[in-house]
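Undergrad: return atomic coordinates for the entry below.
(one chain, ligands or ions: 2)
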Amino acid sequence: MDNKDLLNEQIYDHTKASELIRQRAKAIGISRRRLVQLLTAGTSTATVSLFSSSQGRKIAQAQETSAIVKEIRPDWFFQVKTNLEMRWENMYNRGYLVPNELFFVRNNNPTPRIDPTNYKLEIFGDGVSNPRSFSYDELLSMPSISAIKAVECAGNGRSFYKNTYGQEASGTQWKLGGIGVAEWTGVPMGEVLSRAGVKPTAKDVMLISLDEKKVQRPIPIEKALAEDTLLVYAMNGDILPPDHGFPIRALVPGWVGIANIKWVGSIQVSTLPLFSVYNTEKYILIGDDYPVSQELQEAGVLGEITTEQKPKSAFELPWEGEISSGKRLLRGRSWSAQGKITQVEVSLDNGQTWQQARLREPNLSQAWVRWDIDWNARPGNYQLQARATDERGNKQPASVPFNEKGYLYWGIVTHSIKVVSHIHQPHR
Ligand SMILES: Nc1nc2c(c(=O)[nH]1)N[C@H]1C(S)=C(S)[C@@H](COP(=O)(O)O)O[C@H]1N2
Ligand SMILES: [Mo]
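TA: Ligands and ions are numbered 1, 2, ... in the order given. Model (predicted):
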């Protein structure tokens, strides 16, 4: 395989799955062939249990009160446990970037409070010849770049599986606010790794967090050394806020949200494949309509591992409630991890008729595009829809087949809105 291929998340995940099987088979002292025989002879439940012991693992529920540092205004966010979903209507009055205070938060554990004066980023493992650590000040003094990129949760849009199939996928029931775009400033990860003497034989890089459960997930060395993979210390021109990973988080552009590890405390560089539950048990597409490739099937893996996100669209409107009648710009945004958005169509009548939306600059790859149409909104009930196409030709479909964990929903979403006659309000 060409190493360039490993920049593609899906190819990397396939590679990982085969490696995992070989490793597990070896660990329990049976040949890979025998393992495959055992697995294919068993029921599918047996296959699941090899890869998903998550039923047995009960993640302690974090105290809802102290889990998040930023102000949790109910008009800014929907809160689900330790997560904050952005309310899209607030983006109507904003620019391209999501301000830090409005940016969604996806926390498996409470936000840790880290003192930057004691902070050390540890680089270790057999893939570096000069294992060493970096202080916060050292990182800040290194060459840095800024990149405008989206971070999107793999489960963004999950609740629409229920709307479509009447069956709830497990996990946080995000509508479409599990995404944000920011300008991230940081040191290229490759710069840090090269100062630690990264070896040409290095294969995988594990980003390990300082949070309570030490959330960690590997990326291939190829992605770690990519020019826009960053160790971030600033967000939209401010010091990185605690909930978004202060003092240092990873930015892994285009890959699912979980790749962007927050509060990074150490980085293991290995010449051998590395694994974590975040790419072997979670983030897997399981369902009747998600046939497993021959390769994975032979390896005994029950589902494809989640891959790059496809296009989605959201209106800058509240999900419930009313708007007043009159001429307005109906606005929204569309995005795809697979490239720029090339076209957005909008329907005011539940998909019967469509019109082209105007795309507004900038339209950045792995971020999003703002768009609008003129709308003379008359009183009544509307079923708004938007469908985007990206430069790879992915066009949002009417629906997306169900998968148990509810990942990667990119179907067209119906946004009901009631327009009421405009009542003149005196100036306050
Ligand atoms: N240490 C750590 N990093 C993490 C997470 C986490 O729970 N712990 N959540 C991940 C997930 S699932 C997502 S979608 C993004 C969300 O980034 P944000 O909270 O800055 O919006 O962070 C990722 N990084
Ligand atoms: Mo996520």
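Undergrad: quick one: contacts for Val346?
TA: Counting by CB atoms under 8 Å, 6 or more residues apart in numbering, Val346 touches Leu330, Gly332, Trp354, Gln355, Gln356, Ala357, Trp371, Ile373, Leu384, Gln385, Ala386. All C-beta spots, glycine's among them, are computed from the backbone N, C-alpha and C.
Undergrad: give me the buried subset of those.
TA: Listed as buried from the contacts of Val346 are Leu330, Gly332, Ala357, Trp371, Ile373, Leu384, Gln385, Ala386; burial here means 16 or more other CB atoms under 10 Å.
Undergrad: so which of the residues you listed are in strands?
TA: Leu330, Gly332, Trp371, Ile373, Leu384, Gln385, Ala386 (DSSP state E).
Undergrad: which of those are close to ligand 1?
TA: Cross-checking these against ligand 1 (CB under 6 Å from any ligand atom) gives no overlapping residues.
Undergrad: which one of the buried ones among the contacts of Val346 sits closest to Asp75?
TA: Gly332 (19.3 Å; CB to CB).
Undergrad: how close does the nearest residue to that closest one once chain neighbours are set aside sit to Gln167?
TA: Of all residues not flanking Gly332 in the chain, Phe315 sits nearest, at 4.3 Å (CB to CB, 6 or more residues apart in numbering). Going from Phe315 to Gln167 by CB to CB, to the nearest Å gives 25 Å.
Undergrad: kindly report the same for Thr389.
TA: 28 Å.
Undergrad: between those two, who's got more neighbours?
TA: Neighbours per residue (other CB atoms under 10 Å) separate Thr389 from Gln167, with Thr389 holding more: 17 against 10.
Undergrad: how about the residue of the stretch 251-400 of the chain found nearest ligand 2: what's its closest non-neighbour residue?
TA: Ligand 2 sits closest to Gly257 of the stretch 251-400 of the chain, with a gap of 3.4 Å, by CB to the ion. Nearest residue to Gly257, sequence neighbours excluded (CB to CB, 6+ apart): Cys153, at 4.2 Å.
Undergrad: try Ser324
TA: His422 (4.4 Å).
Undergrad: quick check: which element contains that neighbour?
TA: Under DSSP states H and E, no helix or strand contains His422.
Undergrad: so which bits of the stretch 1-150 of the chain are right by ligand 1?
TA: Going by CB under 6 Å from any ligand atom, the residues of the stretch 1-150 of the chain near ligand 1 are Phe103, Phe104, Val105, Arg106, Asn107, Asn108.
Undergrad: ok, now with 5 Å
TA: Phe104, Val105, Arg106, Asn107, Asn108 (CB under 5 Å from any ligand atom).
Undergrad: which of these sits closest to Asn118?
TA: Asn107 (22.0 Å).
Undergrad: what residues does the stretch 51-200 of the chain have near ligand 2?
TA: Proximity of the stretch 51-200 of the chain to ligand 2, by CB under 5 Å from the ion, involves residues Arg106, Cys153.
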